[in-house]
Each structure stands twice: as C-alpha cells, then as structure tokens.
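Asker: Any chance you could fold what I've pasted below:
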Amino acid sequence: MPEPRKILIIRMSSIGDVILTTPVIRQLRETFPDAQIDFLIRREFADVLRTNPHISNLIEIDVRKKGALSLEKLRIRATGYDVILDLQGNLRSFWLRLFGGAKLVLKMRKNKVLRHLLVNYKINWYTKIYSNVPSVAEKYLRAAAPLGTDIRDTKTELHLSPEIRKATDTRWQNWRENGIHVLMAPGARHFTKRWLP
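Answerer: Modelled structure (predicted):
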C-alpha cells in the first residue's frame, strides 16, 4: 500500500481512553507529516483534543442525535480515507468502518472473552495468559503497528491553549500565595488504564 494521504482515527469516548490515543496520534504525524489525520470523537469529549497540533480535523459527533451515525458514515465515505483506525471497537465504530470505504481498516484487539470474565465474574486470566499485560495505550499502538508505530513509546500528551495555560498559571500562583495545597490522585477502574508509579 502506498503512503496514506488520509487517515481517520475513531475513538469516541471517554476522556481517559481518548488521552491514551495521543501516542498513536503523535507517532502517525511523525511518520506521515503531510497526511490528513482526522479524529472522530463524541462532542462532549472533544475539548481534550481540540488543541492537539497533530490532528488535521477534529470531527465531533453527537451520537444521541437521530441519524448522526448515518450522516457521519456518508461523510466518511465521501472523504475517501486511505486508512481507518478503529480504537473504539464497539457496534457504532464497526458500522462506521464497515461502510467507510477505506483501503485499509485497522482495529484494536479487545480480547472480549478475557474482558467479559474480568468485568462480569472478577476472574483475571490476563496475567495467566500474558506474562506482561499490555496497557491500553500499548494496545492502541499495536493496532496501528502496520503503519509504523513503536509500541514502546506510550507517552501521552495533553495540549493546552495559551489562554488555558495562562489561567491555570494564575490560579496555581494564587493558591500558592494563599497556602492552598492540591492533591491529585489519578486512577482508573481497570489496571490496564492506570498510570505507572
């Protein structure tokens, strides 16, 4: 396959999972600097990626709106993507990639049976089958590996606008001056989504 000119990444939700896609976005931009790299996301989570410089077009969808998926399917097909990278792996994203018309469709492997056992019965066979359970960011990178991503580079990014940076700096300064301390405890329900110490 020739070098892709148009790439669509699908990950509609949620905030943490969207942030975990940023290594893929960055690496695709580094590998294909002139490509159009679009990202399909639910409108309520779009702010997380709005200022990401590696994304050409942030496509916001309101999945609650009647007919939104059908319209998006038509738009995707009309855009003529060379690659659709489905990092959502649900029925909605399946429908979009199925009718998207891309020359190459890549998707994340979810290990649905193992996940079902863990979520519904609290039976964790991941560690029995895998000596090293891959993180979600690594799974996303593995899905994009045919495009040249490095599965070891899982560093996430969050790009802030200058206005948000300034407001945040002002707030932190104000808190410091007033002796206010902030404790952050980032966590996740699933161990594959947690930050490493």
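Asker: quick one, strands of this protein?
Answerer: 6-10, 36-42, 57-61, 83-86, 104-107 (DSSP state E).
Asker: could I get the ones you listed as TSV with distance to L28 and mean neighbour count?
Answerer: Every C-beta, even on glycine, is put in place using the N, C-alpha and C of the backbone. Shown next, in TSV, are the strands of the chain (distance: least, Cβ to Cβ, whole Å; neighbours: other Cβ atoms under 10 Å):
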stretch	distance to L28	mean neighbour count
strand 6-10	6	25
strand 36-42	6	21
strand 57-61	14	17
strand 83-86	8	26
strand 104-107	11	16
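Asker: Tabulate those strands (a markdown table), appending distance to V136 and mean pLDDT.
Answerer: Formatted as a markdown table, the strands of the chain follow (distance: least, Cβ to Cβ, whole Å; pLDDT from 0 to 100):
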| stretch | distance to V136 | mean pLDDT |
| --- | --- | --- |
| strand 6-10 | 14 | 99 |
| strand 36-42 | 16 | 99 |
| strand 57-61 | 21 | 98 |
| strand 83-86 | 14 | 99 |
| strand 104-107 | 14 | 98 |
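Asker: Please identify which of those strands is closest to Q173.
Answerer: Distance to Q173, taken as Cβ to Cβ, is lowest for strand 57-61 among the strands of the chain, at 30.8 Å.
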